[in-house]
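Asks: pasting the sequence and the predicted model now:
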Amino acid sequence: MSRESHDTLWLAGLCGARASAAMMFMAYPAILPIVQREWQLSGTAAGSISSAFQLVGAVSLAILSALIDRVGARPILLWSSVASAAVSLSLPFFIDGYVSALILFSVLAAALAGTYTPGLVLLAGRFIPERRGWAIGWFLGSSSLGYAVALGLAGLMMVIVGWRAALFALALGPVVGAALTAAVLRGAPPQHSAAPRLSRFSEIMRRNRAAQLMVAGYTFHCWELLGMWAWTPAYLTVVFAATGLDLSRSAGIGANLSALFHVMGIVAASVGGWLSDRWGRTAVIIAMMATSTVCSFTFGWLLTAPLGLLLLVGIVYGFSALGDSPVYSAGITEVVAPAQLGSVLAVRSLLGFGAGAVAPLAFGAVLDVTAGASDPTRGAWGLAFSVLGIGGVLGVCAMIWLRSLPEGRQLAGGKR
């Protein structure tokens with residue numbers, strides 16, 4: 001077997017592990033429409049669970065990413081996968097209200113965080129720049145596969161057997177993911193690299209404008225993407241409930257349609273990474289983010305629009321909001337020295353997922369302030385999604401700035 005074929009097979013195993021673990025990322029958004037009413041949660045309270053999930057995940061990502069430069073990516077990936085499986089299996093049995101859900105989903109986020117950045121570091125070390133965007137695209141696309149399977153499965157099971165059984169089914173994903181991770185990493189030697197001193201690292205970041213702008217763009221990207229992911233199933237539930245369907249049926253349809261949007265994310269991530277290898281990183285990011293920004297300012301206003309139009313905008317939204325994600329990941333590996341990559345990814349994760357933690361909370365607050373949760377016809381959903389679009393505007397500006405700098409030539413072999 002050639003080295004390229006062996007690498008592709010290894011990538012498939014890693015992607016399978018990532019897809020399985022990623023199923024639990026969509027667990028709370030899938031059950032949100034049901035438990036929000038069952039637990040009598042306000043929009044702010046419901047959004048705060050998503051925000052806590054993202055915030056704890058951001059902090060955990062930062063800590064674990066920084067540790068990569070000291071202990072290597074492999075042990076962090078393996079033990080995080082095992083912990084994710086254990087916590088996931090506990091959720092269906094122990095959450096019974098706001099406080100328990102807030103705590104346990106936060107613990108889950110801390111464990112799942114270690115299944116992401118270590119995978120990126122392993123990919124960056126294994127694939128040459130000419131194939132790196134493609135490989136990272138498949139890795140992130142596999143996340144979307146997990147999200148889609150989770151939402152589709154939950155949407156089906158909630159209608160038939162309820163949300164707890166659906167949550168248990170999703171929890172089996174990380175169990176499979178842990179087994180696949182162990183198989184992929186079996187026999188692989190640990191990798192260690194000297195961690196940069198804090199003063200040296202700070203100096204590198206201050207002088208590296210390309211890294212600064214890539215991190216800034218990723219932060220705005222996460223604001224839009226994670227806010228959209230958190231609330232789209234609930235929004236679609238409201239859309240169908242407004243037609244007279246009962247809540248359980250509406251939630252199931254909303255979850256299944258959200259799964260369709262994530263299927264588009266699978267295509268978007270692989271295509272976005274591949275295109276950026278050929279056309280340039282910033283060019284693809286600007287095109288994707290400009291499109292998703294238009295969708296953010298449009299999607300929430302379509303509550304009473306024809307279903308075909310709503311689905312069309314939603315599919316484009318799901319495609320464009322994720323299509324630039326692997327490009328950011330590939331780009332950061334090209335503007336940062338390998339010895340500092342884990343630490344820079346730590347900062348990127350803290351800022352990006354920190355923004356993604358605030359976005360669902362801000363979204364829910366807009367619904368509360370405008371009484372959108374009780375009267376969806378007031379335009380509150382349009383305003384809430386528009387708040388996410390602000391991140392898209394700022395992200396496009398950051399990439400236009402980076403494209404104008406000489407440092408942009410470090411990206412994609414000079415293609416910017």
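Replies: Looks like it arrived, so ask away. Numbers count the residues shown, from 1 in each chain.
Asks: OK, contacts around A150?
Replies: Taking CB atoms under 8 Å, 6 or more residues apart in numbering as the criterion, A150 is in contact with 22-27, 30, 170, 173, 259. The way it works is simple: take the backbone N, C-alpha and C, and place the C-beta from them, glycine included.
Asks: redo that, cut-off 6 Å
Replies: With contacts taken as CB atoms under 6 Å, 6 or more residues apart in numbering, A150 has the following neighbours: 23, 26, 170.
Asks: around the last one, count how many other residues there are.
Replies: Here the number of neighbours of L170 (other CB atoms under 10 Å) works out to 26.
Asks: the second one too?
Replies: Applying other CB under 10 Å, we find 29 residues neighbouring M26.
Asks: surely it meets L151?
Replies: Yes - proximity of M26 to L151 meets the contact threshold set by CB atoms under 6 Å, at 5.3 Å.
Asks: how many neighbouring residues does S106 have?
Replies: Going by other CB under 10 Å, the residues that sit close to S106 add up to 19.
Asks: make CSV out of the contacts of A150 and add secondary structure and pLDDT.
Replies: As requested, those are arranged in CSV below (DSSP: H, G, I helix; E, B strand; the rest coil; pLDDT from 0 to 100):
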residue, secondary structure, pLDDT
M23, helix, 92
M26, helix, 85
L170, helix, 94
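Asks: for those residues, which one is nearest T291?
Replies: For those, the closest approach to T291 (CB to CB) belongs to M26, at 22.7 Å.
Asks: distance of the nearest residue to that closest one once chain neighbours are set aside relative to S349?
Replies: Leaving aside its sequence neighbours, M26 sits nearest to A150 (CB to CB, 6 or more residues apart in numbering; 4.1 Å). A150 sits 22 Å away from S349 when distances are taken as CB to CB, to the nearest Å.
Asks: kindly report the same for H6.
Replies: Distance check for H6 against S349: by CB to CB, it reads 29 Å.
Asks: comparing the two, which residue is more hemmed in?
Replies: Under the neighbour definition other CB under 10 Å, H6 and S349 were set side by side, and S349 has more, 28 against 10.
Asks: ok, the more buried one to R281 distance?
Replies: Look at S349 and R281: by CB to CB, they are 19 Å apart.
Asks: one more: H262?
Replies: Per CB to CB, H262 is found 23 Å from R281.
Asks: more crowded one of the two?
Replies: Set side by side, H262 and R281 give different neighbour counts by other CB under 10 Å, the larger being at R281 (33 against 25).
Asks: report pLDDT for the more buried one.
Replies: The predicted structure scores R281 at 86 on the pLDDT scale.
Asks: looks like it contacts L411 (just checking).
Replies: Yes - applying CB under 6 Å as the test, R281 and L411 come out as touching, 4.3 Å apart.
Asks: residues shared between the contacts of these two?
Replies: Overlap between the contact sets of R281 and L411, as judged by CB under 6 Å, 6+ apart, is given by G331.
Asks: now the element after the host helix or strand of P75, going C-ward?
Replies: With secondary structure defined by DSSP states H and E, P75 is part of helix 73-94. Proceeding N to C from helix 73-94, the next assigned helix or strand is helix 98-112, under DSSP H and E.
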